[in-house]
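Colleague: Pasting the sequence and the predicted model now:
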Amino acid sequence: MSLVKRVTILFFFTLITIFFGCKKTNPVEKNTVVIAIPADIERINPLYSFSFDEANINELLFLSLVKHSWDEKKGDLSTEPMLAVSWEWAKDSSSIIINIRNDVKWSDGAPLTIDDVIFSFDVYSDPEVQSYLYGTFKAFYTDKDNHIDIKKTFEKISDSKLKINFLPASSPSMYNLDFPIAPKHIYGKIKRKDLINAAENFHPVTSGAFMLEKWERNQSIILKESVSSFLHNTDGVARLAFKIIPEYASRLAQLKNNEIDLVEDIKPEDVKDLKISEKLQIVPVKGREYDYIGWNNIDPEKYSKEKRLVPNKLFGSSKVRRALSMAINRDEILKEYFAGGEYGSLANSPVSPIFKNAINPAITPYKYDLEQAKKLLAEDGWSDTNKDGIIEKKGEKFKFTLSVPTNKPRRLFAATLLKNSLKQIGIDFSIEQLEPGDFIEKLSKKSLNAWIAGWAVPLPLDLKISWYSDLNKTPMNFCSYQNKNVDLLLDEIEKRISNDQKNNLYKKLEEILYADQPVTFLFWIDNVVVYNKRIQNIDVNPLGVVHHCWKWSVK
Amino acid sequence: MIKKIFQIKYIIIVLSVCLIISRFGLLCQTAVLARQYISLIMSDFITATVQTDFQLIDCFFSALLLVILPIIVIIGGKRIKLLKAVSWQATALVVFVFAFIFAPVITNENPDFQKNLSVTRLLSPLSSVKVLHLKEKKEDNNPLNDFLKTKSRVVKSSFDESILFCNSITVKKNNLEVRQNETNIEVMLNDVEIKNGEPVLTTKLFFLGTDEYGRDVFTRLIYGVRISLTIGFCSVIISLLIGVVFGFITGIKGGFTDIIISRITEMFLSFPLIFFVILILALFGNSIFTVIFVLGFSGWMSLLKIVKGETVALRNKDYFITAQQLGLSKKQLLIKEALPVMLAPIIVNTVFQLGNVILAESALSFLGLGVGAEYPSWGGMLQSGQENISRAWQLLAFPGMMIVTTLLTANKFGRELSKYYNPGFGE
Amino acid sequence: MNHDLIKILIKRFISSVLILFFLISFLFILLRIAPGDPTQRYISPGLSPQLAEKVKVSFNLDRSVQEQYLSFVKNFFSGDLGVSYSFHTSVTNVLFEFLPFTISFSLIAFFFQFSLGLLLAVFAYKNRSKKYLDGFISGTNMFLYAVPSFVSGVFLIYLFSVKLELLPSSGIKNITSVTSDFGELLFDYLTHLILPVICLALAGTPVYFKYFRDNIEQNYNKLYVRYLRSNGVTENVILYKHVIPNAISPIISYAGVDLGMLFSSVLITEVIFSLPGMGRLAVGAILDRDFPLVVGCALSAGTLMIITNFIADIIKFKIDKRLINGVLN
């Protein structure tokens, strides 16, 4: 009798506990805002903000000299003071003098000084450190390893005045100064090489309006307000909790029953369902990220074996690529996947429509037109001579593999529809789903033939990184696009010229890219942010949602 | 008397006759296609080989088999001994086998067919849409074009340029306004097929609804039988081969080989295999082959143990020793002497394994490591259903039902078989 | 205890440890030869190929596989599993952070699966004369077994969290609560664990049910039951004192393996309910190509497996002995 009886009793006991455990879920406490993020961050160290969420959190914890915000009217960034109170450019832009606040303290009480600023430039550009900004300090005096030359660059005028000298021919801007300042009195003690794995990355000493309260791996990161900060807002949010929820469905469910306050990247198809709820506010952030179908312009085999750039047998000609662009019904995908096109728009070039002045209005999207596509392909010599349903040229069939990363269902969706479209013009391909790590590696080695991927446009706009012909200088030119004219334009843009001139150059560039179709641009994707209406003063802009969250308050 | 009527062979006959009657038109067209195909082979062999693909052969084969199946069953029906008693599981098995073999006859649609997403996306079961027929292009009459025309009717492709799905149409002066949910498109009246002065408008019924790509769930389920069962059977066969061969070797040799193989078996048993499966798939990519291989490779341990145990027991039996002394090779010993004896436990184990593999594939789909978007597997369908849980219940319910039925059937047969071989068990 | 038995147990234990070591070595080499570069994520866009190579050096991935393996073995025996690429701290630290939850969660889930399976089996057997009831329970069980846990998990969330708003759907506690009251904390943990435990129980109970049901039936057909019955022992005594203990003992070894598996096979449940367990850790490590952590996860999973098997062996022995005594008396 004993065993079964014991088991029964124990079982019912637990059952009863569970039963009483059932109660209404408790919503978030007042004055605390809970933000859902899909994956845990790796560390809290501004030097290594490789992921998006990490950069966001580091930005809150570590202040930078200046801060940029998005000017909706201008369609461009505007600079605002942060650690630097004011600044003054030399007439020829060869140097800048900045005045730094002297009332800022690190969370351990040490004052934030000019030494921290100089140290930050030093450590960010140090090849030993391998920070996420390494190699980007092009306007500065550097040694051959891209390490900033401290002596030549910085002149300490007084305790709050710093002069920074720039490289003569470069075109420096305030963007070069916008990155989180690191604490010298902490990081200075650690060997540069060990910074990446330092224990201090889990108990950071910070300078921002918030500081780290608690971090439970794979669970949550909780920040609390830093009362002594000059940014501190007495009516503001007292605590900011980042809750890690990997499953999209769970994020959605918790948003609906008030367990969390803010979720980014909501799928447009769920918006309709969320709109019903009166307590939720839906704000799309206009697209800064686009999806594209990449066609490898060069032959991947020849490149990997002989490092030679030979046009790809299938996608080497711009005519073929244009035909492919015409063969995909982007309108249909946009309409179906982005809730009637409300949360996305067709892309024609890598310049996002948020840059209102740089966008070329003369370019209109390629129409979905299979007849025209067939004609273009025929002009290039592709036709179905043996009537097996697949076109061929000199005995070579138009068949390839399209690689799609597994983590973005949207891309698989586009690939599946594309497959059907292309079949109608006699092109056959198989879809290969690659695990993201594998996908990115193959992409950088340029060993994929065709793929669907996305690209987030950096702010400020930088096209050189992905469209310059020299493949050693542009590791992000995944499709190995080669065009001398584009190179000239990109070089021109880097020079010291006015914004209007720049915008004109961008417009020209867009035209070339549009005609060449090095890749098929699909659409700009809005980041649909949904938050609980109890959060006030929230400013959702292309720079990120938590950008100015010390200004938020809770109703 | 009633028992006599409800025999499995009658079910087979009834099902195939029903299928023949309901798909009579298609069968006739297949026959026409076959005739054209043969004449094409005679006249232009190279073109014929270019036109030969899996779908075509599949279509011919299933149509032919469907016609001769009832005859075979009637003639040879007396010999079918196993599965005499009819249960719903037995019926399910027959239905599965039918779906597996006759998929192209049962649905006559391509599982990847999709068009006009705005009209067909995520339709609930039993909903229907209107179909507007466009004029087909005139091609000159030669044998090849005739063949291609019939082929396109019998072997459906994943697209169709001659139709448009819509909700309704309005006839205007010389064009048509076609409503597709929120959008209207215009079509020239000249491009539309016209009968009795009216544009031809038919309805298409989506029996089990559609998925997020506007593909017919019913068709995908039927083809899913092929994919899921193929994955199941192939990986079980891999397990079976590894288990039986190595189990027999360890059993008969003993000694050092035994120790090594037993340790390796223990190694596999002492490790959470889902971990291994995910590792391999994540590192080497998830095609249908890797999925089959990995699932097969992670399920052989119990079989090995069974075979080894049986072999050890067998080694001391007189007839086996005699056979050995007669000079039979290892291979002959395994096939002629050992296998027949241990067939029963092996089959029982295999049948149970089959269900587990199908379940495992669906779990992999959830992690994005299933057979992928290329094939309509039940697991993959379930996964998309999970994503659309509040919008499309049909994507969860029907594939789920298929998996449950398969498992129940496999389980039932496992039990029946073990009862058959060990009559003392479970009475 | 019997000396022979202890010998056998120790022998098995040692061989399992050896096996585990081989397994880890196999895994180590497999990871090195597989495609996918773990350093890819740490290379900033401006990095030249030469400097990208430097990043590789910092991960110790520039040397040949043999060299890497040798240093791994050396470190392994001094208890050092290396530094996790994504957690930036030693693998042992990471594992100790995640193990407590996994072990307790698995034990709770295991307890539910086991006891629920046993209770249902006894109930079903007692009511075997009522064909429809027995059939209904068996059918439901089979049905639940066939429903993948990612479907049942999402369904549970949809039902209890979204529609009924009864239970929290993710995490192990309310992250914003500041209470330090033990009762409240425990309560918080329990409410968060209800759905995951139900989800796991739905998947695991049917297996135990089936095993118990079959074993009980099998035992009833054995001669000793007939013997007991003819001696006038009541049906209840036969069932509870003889049949059930007899039916449990073969299941113990299965349960040992199953519990060992559970530590890592709960991963789908962990993903759905965002629980900080080993399964999620392991899958994340695999996808991030965090080689040291993958090895660490495999090691801990294997170790847990060995331990549970060991315990199962001991329990089995104890039950058997009692049975022998019981039959002799």
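Modeller: That came through fine. Numbering: from 1, shown residues only, chains lettered A, B, ... in the order given.

Colleague: When you work out contacts or count neighbours from here on, use the C-alpha atoms and nothing else.
Modeller: Fine.

Colleague: Point out where the stretch 1-150 of chain C drops to low pLDDT.
Modeller: Across the stretch 1-150 of chain C, the ranges flagged by pLDDT under 70 are C:1-2, C:41-52, C:54.

Colleague: hey, where'd the helices end up in it?
Modeller: Ranges of helices within the stretch 1-150 of chain C are C:3-33, C:49-58, C:65-77, C:91-126, C:131-146, C:149-156, based on DSSP state H, counting those that start in this stretch.

Colleague: Buried deepest among those, which one?
Modeller: Most buried of the helices of the stretch 1-150 of chain C, by mean neighbour count (mean count of other CA atoms under 10 Å in any protein chain shown): helix C:149-156, with a mean of 22.

Colleague: now the angle from it to helix C:131-146?
Modeller: Orientation check (axes from the mean of the first three to the mean of the last three CA atoms, to 10 degrees): helix C:149-156 against helix C:131-146 gives 110 degrees.

Colleague: name the helices or strands packed onto the following helix or strand past helix C:149-156?
Modeller: Per DSSP states H and E, helix C:149-156 leads on to helix C:182-220 as the next helix or strand towards the C-terminus. Using 3 or more CA pairs under 8 Å, 6 or more residues apart in numbering or on different chains; DSSP states H and E, the elements in contact with helix C:182-220 are helix A:2-21, helix C:91-126, helix C:131-146, helix C:149-156, helix C:244-265, helix C:267-272.

Colleague: Do me a favour and average the pLDDT over the first one.
Modeller: In this model, helix A:2-21 has a mean pLDDT of 63.

Colleague: Centre of the chain to the next helix or strand after that helix, how far?
Modeller: For helix A:2-21, the succeeding helix or strand toward the C-terminus, using DSSP H and E, is strand A:32-37. Distance, stretch centre to chain centre, for strand A:32-37: 20 Å (CA atoms, centre = their mean, to the nearest Å).

Colleague: for strand A:32-37, packing partners?
Modeller: Packed against strand A:32-37 by the contact rule (3+ CA pairs under 8 Å, 6+ apart) you find strand A:239-244, strand A:262-263.

Colleague: Please enumerate residues in contact with the shortest one?
Modeller: Just to be clear, that refers to strand A:262-263. Residues from elsewhere that reach strand A:262-263 (CA atoms under 8 Å, 6 or more residues apart in numbering or on different chains): A:Val33, A:Val34, A:Ile35, A:Ala36, A:Ile37, A:Arg251, A:Leu252, A:Leu255, A:Val529, A:Val530, A:Tyr531, A:Asn532.

Colleague: Let me have the helices and strands packed on strand A:32-37 in a markdown table, extended by distance to A:Glu435.
Modeller: Shown next, in a markdown table, are these (distance: least, CA to CA, whole Å):
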| stretch | distance to A:Glu435 |
| --- | --- |
| strand A:239-244 | 21 |
| strand A:262-263 | 25 |
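
Colleague: Dump those into CSV; add mean neighbour count and mean pLDDT as well.
Modeller: Converted to CSV, the helices and strands packed on strand A:32-37 look like this (neighbours: other CA atoms under 10 Å in any protein chain shown; pLDDT from 0 to 100):
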stretch, mean neighbour count, mean pLDDT
strand A:239-244, 24, 90
strand A:262-263, 24, 93
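
Colleague: quick one, which of those strands is nearest to C:Leu18?
Modeller: strand A:239-244 (37.8 Å; CA to CA).

Colleague: Strand partners (parallel or antiparallel) of the closest one?
Modeller: strand A:32-37 (parallel), strand A:220-225 (antiparallel) (DSSP bridges).

Colleague: filter the contacts of strand A:262-263 to the buried ones?
Modeller: A:Val33, A:Val34, A:Ile35, A:Ala36, A:Ile37, A:Arg251, A:Leu252, A:Leu255, A:Val529, A:Val530, A:Tyr531, A:Asn532 (16 or more other CA atoms under 10 Å in any protein chain shown).

Colleague: pLDDT score assigned to the third one?
Modeller: It stands for A:Ile35. 93.

Colleague: State the distance from it to A:Ile245.
Modeller: 10 Å (CA to CA, to the nearest Å).

Colleague: and if you look at the second one?
Modeller: Per CA to CA, A:Val34 is found 12 Å from A:Ile245.

Colleague: Phi first, then psi, for the closest residue to A:Glu59 other than its chain neighbours.
Modeller: Nearest residue to A:Glu59, sequence neighbours excluded (CA to CA, 6 or more residues apart in numbering or on different chains): A:Pro180, at 6.4 Å. Backbone torsions of A:Pro180, given as degrees, to the nearest 10, read phi -60, psi 130.

Colleague: Not counting residues beside it along the chain, what's closest to the most centrally placed residue in chain A?
Modeller: Taking CA atoms, centre = their mean, the centroid of chain A lies closest to A:Ala456, which sits 4.6 Å from it. Nearest residue to A:Ala456, sequence neighbours excluded (CA to CA, 6+ apart): A:Glu289, at 4.1 Å.

Colleague: Would you check that the one you found makes contact with A:Val457?
Modeller: Yes: using CA atoms under 8 Å, A:Glu289 is in contact with A:Val457, at 6.0 Å.

Colleague: Return every residue with contacts to both of these two.
Modeller: A:Ser352.

Colleague: So B:Tyr37 sits against B:Leu148, correct?
Modeller: No: counting by CA under 8 Å, B:Tyr37 does not reach B:Leu148; the two are 9.6 Å apart.

Colleague: how deep is residue 258 tucked in, by neighbour count?
Modeller: Because you didn't say which chain, this covers chain A. 19 (other CA atoms under 10 Å in any protein chain shown).

Colleague: other chain: chain B
Modeller: 18.

Colleague: Equivalent analysis for B:Ile74, please.
Modeller: 13.

Colleague: excluding its backbone neighbours, what's nearest B:Val73?
Modeller: Nearest to B:Val73 is B:Lys9, by CA to CA, 6+ apart, at 6.4 Å.

Colleague: what about the one you found, helix or strand, and which?
Modeller: Going by DSSP H and E, B:Lys9 is in helix B:8-22.
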